[in-house]
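Student: Structure, please.
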Amino acid sequence: MTSATKTEPGAGTAAPEVPAGIRAMQAWVEIGTELWGFLADRLLTDVETQRALMRCTNPIDAQVALLRHGHRALEDYHREAGRLVQMLHRVPGAAEALDA
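Tutor: Modelled structure (predicted):
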């Protein structure tokens, strides 16, 4: 077996190893897809909050709606940051930069 091939367990043939540049590109595409999906979800949540605010009949209801929105936003951003860091560790060379 050469350094350019990698044998899968249980496979009878060797598959070519994916170059680091291609793996990095694939990882960045996945990260971009994840990020855009997250942003779309946050926009939908913002619209839901706007609708909730328009239904409020007093300042206390509006304050509760805004506090719920803020709490959910913090949880969502915290969770997404964790996902993105995990995804960044799959980018060749990025783990060293993140862990430095």
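
Student: quick one: the helices in this structure?
Tutor: Counting by DSSP state H, the segments of the chain that form helices are 20-55, 59-88, 94-99.

Student: show me where pLDDT drops low in the chain?
Tutor: Applying pLDDT under 70 to the chain flags residues 1-15, 95-100.

Student: sorry, back to before: let's have the helices of the chain in a markdown table, adding mean neighbour count.
Tutor: Glycine gets a C-beta too; all of them are placed from N, C-alpha and C. Formatted as a markdown table, those follow (neighbours: other CB atoms under 10 Å):
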| stretch | mean neighbour count |
| --- | --- |
| helix 20-55 | 12 |
| helix 59-88 | 12 |
| helix 94-99 | 11 |
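
Student: any idea how far Ile31 is from Gly93?
Tutor: To Gly93, Ile31 is 14 Å away according to CB to CB, to the nearest Å.

Student: same check, this time on Leu44
Tutor: Per CB to CB, Leu44 is found 35 Å from Gly93.

Student: And for Ala73?
Tutor: Distance from Ala73 to Gly93, by CB to CB: 32 Å.

Student: Please report how far the closest residue to Pro92 other than its chain neighbours lies from Leu53.
Tutor: Spatially, and ignoring its direct neighbours in sequence, Pro92 is nearest to Ala20 (4.3 Å; CB to CB, 6 or more residues apart in numbering). According to CB to CB, Ala20 stands 49 Å off from Leu53.

Student: what does Pro59 give?
Tutor: Counting by CB to CB, the gap from Pro59 to Leu53 is 11 Å.
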